[in-house]
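Novice: starting from these lines, generate the structure:
(2 chains)
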Amino acid sequence: MALDEIKIGGLGASRKRVEDNRFIRGKGNYVDDVVLPGMLHMEILRSPLAHARIKSIDVSGAWAIPGVRLVLTGEMMAARNLAWMPTLSYDTQAVLATDKVRFQGQEVACVIADDPYIAKDGCEAIVVDYEPLPPIVNPVQAMAPDAPLIRDDKVNQVDNKIFDWEVGDKDGTDRAFADADVVSEIEMHYPRSHPSPIEACGSIADFDRSTSKLTVYMTTQAPHIIRAAVSLVAEIPEHMIRIISPDLGGGFGNKVPVYPGYVASILASILTERPVKWIEDKSGNLISTGFGRDVYLKGQLAMRNDGKILGVRMHTDSDHGAFFSDAQPSKFKIGLMHSAFACYDIPNAHLTATGVYTNKAPGGVAYRCSFRVTEAMYFQERMIQAAADDLGMDQAEFRRVNLVRDDDFPHRTPFGFLTDSGQYEKCLDIGLEAVGYADFKQEQEEARKRGRLLGIGISTMTEPLGAGNSREYDILGIKMFDSAELRVHMTGKAILRTGAKTQGQGHETTWAQIVAHELGIPADDIVVEEGDTDTAPFGMGTYASRSTPVAGAAVAMVSRKIRAKARKIAAHLLEVSEEDVEWELGRFYVRGAQDRGVSIQECAMAAYSNVPDGLEPGLENNAYYDPPNLTWPFACYIAKVEVDPETGVWDVLKMVAVDDCGVRINPMIVEGQIMGGLTEAYAMANMQFITFDEDGNCIGSNYMDYLLPTAWETPGFELHEVVTPCPHHPIGAKGIGECATVGGPAAFVNAVMDALKHTGVRNIDMPLLPDRVYGALMTGNDISGMPPVKTEA
Amino acid sequence: MTLFEEVPVTTTDDIPVRRVEMRVNGETRAANIEPRLLLAHLIRNGLQLTGTHTGCDTTNCGACTVLFDGQPVKSCTVFAVQADGHDITTVEGLATASELHPIQEGFKDEHGLQCGFCTPGMMLSAKALLDENPNPTEDEVRWALSGNLCRCTGYQNIVKAVLWAAEKMRGGAPADASADDGGDA
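Specialist: Purely as a prediction, here's the structure:
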């Protein structure tokens, strides 16, 4: 008889995580835990200045220290054609600086020594003579007519602009604005932030001269992309490169790009013929590796008096730092910013985008985000709230008028994406009910009379997760699909490998649940492996909430291939034709005679011991999955806050999250993802940002300045669930890992702005620090967060 | 007694070497070390107990938390020589050969971890709390853990894990034993 799916750890089981068994014992295997015989250690010397010409580098002091084995400079890299490397956005990035340094923290030299303490001593003994140049820390400075040219290394670069890009229908949008009763405008900045996994980046390069094989242990979310990139940069044949991504101490997009430290450790291993370990310190991580956000918006909404939105105009100015190394699908210069307003029924939209170089770290990674979707949804929901205020309309009612209706799918979004499913209004209603919205207006008014400032902020959004389909989405021409390989052993146990790479999402637990759902093999009988390019099938890696939509779908599809073969074996064992074989979870049986059956385990044994004539032995297969569309989860986040008018401090009284991510593989893990995402949303709204002073010094280069919320500040969360299955995903799932980070910040900010509504303040740039909120309360003016900030000398 | 001999950080004769001896997870360990060696690095590289992680090097993140005579300290900003003669507990000392500590069970049961990097430090801070206060409130747990950063979980399940462990250690039976526990433990 069919198995109980929950009991075997199938779809919908809140199965406890298998990876926890090693983590709770301290037996995880992170890159810094890997020790190879004869291993040397590398440290990086970084630039103290944001913009300066390098006049000379004297490394003799480093060489004089006993235990120093190698010193690498840009000049040495250049001699091997490795001073510059290609980025994921068709630009170049310095590995070690040769001509100039272009941001504070840029890699200038590396010291390789017997232990990390000696390597650090070596870095301190290097003398670099810099000629300072004026630094640029925002797009206004970058585009000023007399701005110094940051990328004078590029032949045709005449100014600091990287791109102009546009999407949408300009003429139609112009007409919509001409016809509008009301036009609402707002400007804001989504500040630079850093994903900041607790584990920083690192690598151990091990080049074996005898086999010409390069093995690199590396903190990477995308080992196969790295293998291709290393092959191109270092000119080592791809089959001679093995990338191993061991346990990752978080990623959040920070561990997608190729960093100079990886490349330098590889060259150091080739030159020393010994394994070379590089473990980045926290300041190095915060100051030089992939940041997120740093986008300025000018937004406009055209509306009728009844609240119907007729058109959207957006212009973004994005600050990419010194090298354009955004990790995103190549053809979309500002990521998927044009996914904005996807949950609203709006006929006309036009987006223009300008990207610039500045003297700041490069990166532009999708920080817990599907390629600038976080900025898109923040801008969207802040524009929606400002527009509701301008119309004098209730913020929930305004959304209700414009949300796409359940019977209106598939729906073409304002910028041309196709959404396919959702119950938007239902999610909104559940959220409003949970937060007590019906009584809130009165509560707010009465509180205000007593000098207390309460506010409610709503954020509703659907976001595109699970790039690609391969027609639209590629990185440097590599199509964004994923794969899975499943081997069922003769005793019915199995090993599953995918090209994704878990960093806390729990793939070792959830992928086995998908196999259990498809084959009826208990999840405990399936081991999941990822992260080793010599054994895992090709995949684009884990970021942008793409693993369940793409790799997870591949897991379902490969399981179905296995089931199709097992069916042939079952027919043979049951001595009936294949057409007469029926499937129920875990077993095949003869149609009309349900008690005559064989289990999947019996089929597995037969695959190795009793194969029918003409059928290949064994029970293993692989599947490449190219998704037909993105998945579109929907979320409604509602925050209720109280602002202290005496200090500008605000507290979260309630945070309600209603998430519809389709079918949930493991509800416990999904809820964990949502709570983690809400915390990062709270962090960005409240405290977490990286800014710069007028000299280009990075303010936020350590955890004293770069504030992450602790258990003490972080509010509690109330989670609600709606399930609208994804119509094209094999098990109906949608992405979820990033929804709350994407949609959450606007809920918090809208809530504080709602509490301040009586002052006429329309915008405070994140994070809503007490001094900013207090300043707005005192002056009634909007507060800009554009750097440079003033710092005490 | 286990004598640990390797001294990885000395390279020249003029660097002073200090002999230290400490109890680590109940076992006496001794080593010759350079005085600038940090306790975190002695534990990780010298004693090869890699469950103690280093996250920030500046006493902020708490990933390197160990118990120093029962009190939580961030071992990235303690010199190894300061631990001479003292008692150190790392994550490897939480479980016995056959049994997990209730805090470890709680973290798994309540999904109190994701990437696992902050988990050892988080569990040791929790142990220090529960050793002093067997019946803490949610606020007391949150305060006790406020020196340990987690980027994955949002803390809510970590707090639940610690309260779960507290109940079990007091002799109660925490609810929610799932049919499928993901094997082992």
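Novice: shouldn't A:V576 be within a strand?
Specialist: No: going by DSSP: H, G, I helix; E, B strand; the rest coil, the assignment for A:V576 is coil, not a strand.
Novice: where do the domain boundaries of the chain fall?
Specialist: Answering for chain A, as no chain was given. A:20-25+A:482-625, A:47-133, A:295-467+A:629-779 (automatic domain parsing).
Novice: hmm, I had chain B in mind actually
Specialist: Split into domains by automatic domain parsing, chain B comes to B:2-93, B:102-169.
Novice: with respect to burial, which of these scores highest?
Specialist: Comparing the domains of chain B by mean neighbour count (mean count of other Cβ atoms under 10 Å in any protein chain shown), domain B:102-169 comes out on top with a mean of 24. From N, CA and C alone the C-beta is placed, and that goes for glycine too.
Novice: okay, now the unreliable bits of chain A?
Specialist: Scanning chain A for pLDDT under 70 picks out the ranges A:1, A:792-793.
Novice: buried set for stretch A:777-793?
Specialist: Residues of stretch A:777-793 classed as buried by neighbour count (16 or more other Cβ atoms under 10 Å in any protein chain shown): A:L777, A:D782, A:I783, A:G785, A:M786, A:P787, A:P788.
Novice: cool, and stretch A:420-438?
Specialist: A:420-432, A:434-435, A:437.
Novice: so what's the residue in chain A that chain B sits nearest to up against?
Specialist: Proximity of chain A to chain B (Cβ to the nearest Cβ) peaks at A:G26, 1.9 Å away. Going by Cβ atoms under 8 Å, 6 or more residues apart in numbering or on different chains, A:G26 touches B:L49, B:T50, B:G51, B:T52, B:T90, B:V91, B:E92, B:L94, B:P120.
Novice: quick one: closest of the domains of chain B to chain A.
Specialist: Proximity to chain A, assessed across those by Cβ to the nearest Cβ, is greatest for domain B:2-93 (1.9 Å).
Novice: ok, that closest one near chain A or not?
Specialist: Yes: using Cβ under 8 Å from any Cβ of the partner chain, domain B:2-93 comes into contact with chain A via B:8-9, B:11-12, B:34, B:36-37, B:44, B:48-58, B:60-61, B:63, B:90-92.
Novice: one step back: least confident of the domains of chain B, on average?
Specialist: The minimum mean pLDDT among these belongs to domain B:2-93 (a mean of 90).
Novice: chain center to it: distance?
Specialist: The chain centroid and the centroid of domain B:2-93 are separated by 12 Å under Cα atoms, centre = their mean, to the nearest Å.
Novice: try stretch A:142-162
Specialist: Centroid separation between stretch A:142-162 and its chain, computed with Cα atoms, centre = their mean, is 29 Å.
Novice: list the buried ones in it?
Specialist: A:A142, A:A147, A:I150, A:R151, A:D153, A:N160, A:I162.
Novice: pick out the residue closest to the middle of chain A.
Specialist: Centroid-nearest residue in chain A: A:R368, 3.2 Å away (criterion: Cα atoms, centre = their mean).
Novice: how about the secondary structure of that one?
Specialist: coil.
Novice: please, which helix or strand holds the closest residue in space to it that isn't next to it in sequence?
Specialist: Excluding the flanking residues, the one nearest A:R368 by Cβ to Cβ, 6 or more residues apart in numbering or on different chains is A:T741, at 4.2 Å. Using DSSP states H and E, A:T741 falls within helix A:739-755.
Novice: between which two of the contacts of A:G26 is the distance greatest?
Specialist: Greatest spatial distance in these: B:T50 and B:L94, 14.6 Å, computed using Cβ to Cβ.
Novice: immediately after the helix or strand containing A:H315, which helix or strand?
Specialist: Using DSSP H and E, A:H315 sits in strand A:309-319. Downstream of strand A:309-319, the first helix or strand assigned by DSSP H and E is strand A:348-356.
Novice: mind giving me the packing neighbours of that next one?
Specialist: helix A:139-142, strand A:161-168, helix A:170-179, strand A:309-319 (3 or more Cβ pairs under 8 Å, 6 or more residues apart in numbering or on different chains; DSSP states H and E).
Novice: tell me the first helix or strand C-terminal of it.
Specialist: helix A:373-391.
Novice: still on that earlier bit, distance to B:V78 added to the domains of chain A, as CSV?
Specialist: As requested, those are exported to CSV (distance: least, Cβ to Cβ, whole Å):
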stretch, distance to B:V78
domain A:20-25+A:482-625, 23
domain A:47-133, 16
domain A:295-467+A:629-779, 18
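Novice: identify whichever of those domains lies nearest to A:G250.
Specialist: Judging the domains of chain A by Cβ to Cβ, what sits closest to A:G250 is domain A:20-25+A:482-625, at 5.9 Å.
Novice: so A:P645 touches A:G451, yeah?
Specialist: Yes: in this structure, A:P645 is within contact of A:G451 by Cβ atoms under 8 Å, at 6.7 Å.
Novice: neighbour count: the two, which is higher?
Specialist: Per other Cβ atoms under 10 Å in any protein chain shown, whichever of A:P645 and A:G451 has more neighbours is A:P645, with 17 against 8.
Novice: looking at this, the more buried one is in a strand?
Specialist: No: going by three-state DSSP, the assignment for A:P645 is coil, not a strand.
Novice: tell me the contacts of it?
Specialist: Applying Cβ under 8 Å, 6+ apart to A:P645 gives the contacts A:G451, A:L453, A:L777.
Novice: just the helices in the stretch 401-550 of chain A please.
Specialist: Secondary structure of the stretch 401-550 of chain A, counting by DSSP state H, counting those that start in this stretch: helices at A:424-435, A:440-449, A:507-519.
Novice: tell me if the last one is near chain B.
Specialist: Translated: helix A:507-519. Yes: shown here: helix A:507-519 in contact with chain B (Cβ under 8 Å from any Cβ) through A:T509.
Novice: correct me, but A:A438 touches A:L432?
Specialist: Yes: here A:A438 reaches A:L432: they are 7.3 Å apart, a contact under Cβ under 8 Å.
Novice: how deep is the residue nearest to A:E584 when sequence neighbours are not counted tucked in, by neighbour count?
Specialist: Nearest residue to A:E584, sequence neighbours excluded (Cβ to Cβ, 6+ apart): A:A2, at 4.0 Å. A:A2 is flanked by 12 other residues according to other Cβ under 10 Å.
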